[in-house]
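>>> pasting the sequence and the predicted model now:
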Amino acid sequence: MAIDGTSPGDFRYNAVIEGNIEEFWFDFYMQGWHKVGVNIKLLNPDDQSILWEKLIKGSASRTLSWATASEFERIIMEATTIALNHAATEFASDEFYNTHVK
């Protein structure tokens, strides 16, 4: 909890979130492996200055039955979901709140 009595869940901030895919890798041979990395920036909407920046990564692997498009999609979705969960954790953290809230 902050000195003013607010907590990270109480705070709303007007900012722009920008993400660039830095890594998107898929390999398969009997097993599918996928890695995704997205560089996320939180920008001040007034002057576009960077308030926070972090590379968020996710990866997943799975044994392939038939190497079909749906199996590839499932692995990519798993890795992406892991990366999104990491991002949500970062945005909800006390570290993020205490470092970037003025």
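Arrived safely.
>>> distance check, residue 59 against residue 31.
Going from residue 59 to residue 31 by C-beta to C-beta, to the nearest Å gives 13 Å. For every residue, glycine as well, the C-beta is placed using N, CA and C.
>>> more crowded one of these two?
residue 59 (16 against 11; other C-beta atoms under 10 Å).
>>> what residues does the more buried one make contact with?
Counting by C-beta atoms under 8 Å, 6 or more residues apart in numbering, residue 59 touches 33-36, 79, 82.
>>> out of those, which end up buried?
34-36, 79, 82 (16 or more other C-beta atoms under 10 Å).
>>> looking at those, which are in strands?
If you go by DSSP state E, the buried ones among the contacts of residue 59 have 34-36 in strands.
>>> how close does the nearest residue to residue 26 once chain neighbours are set aside get to residue 90?
The shortest distance from residue 26 to any non-neighbouring residue, by C-beta to C-beta, 6 or more residues apart in numbering, is to residue 34 (4.9 Å). Distance of residue 34 to residue 90, given as C-beta to C-beta: 21 Å.
>>> run through the residues that contact the residue nearest to residue 26.
Residues counted as contacts of residue 34 (C-beta under 8 Å, 6+ apart) are 25-26, 59-61, 75-76, 78-79.
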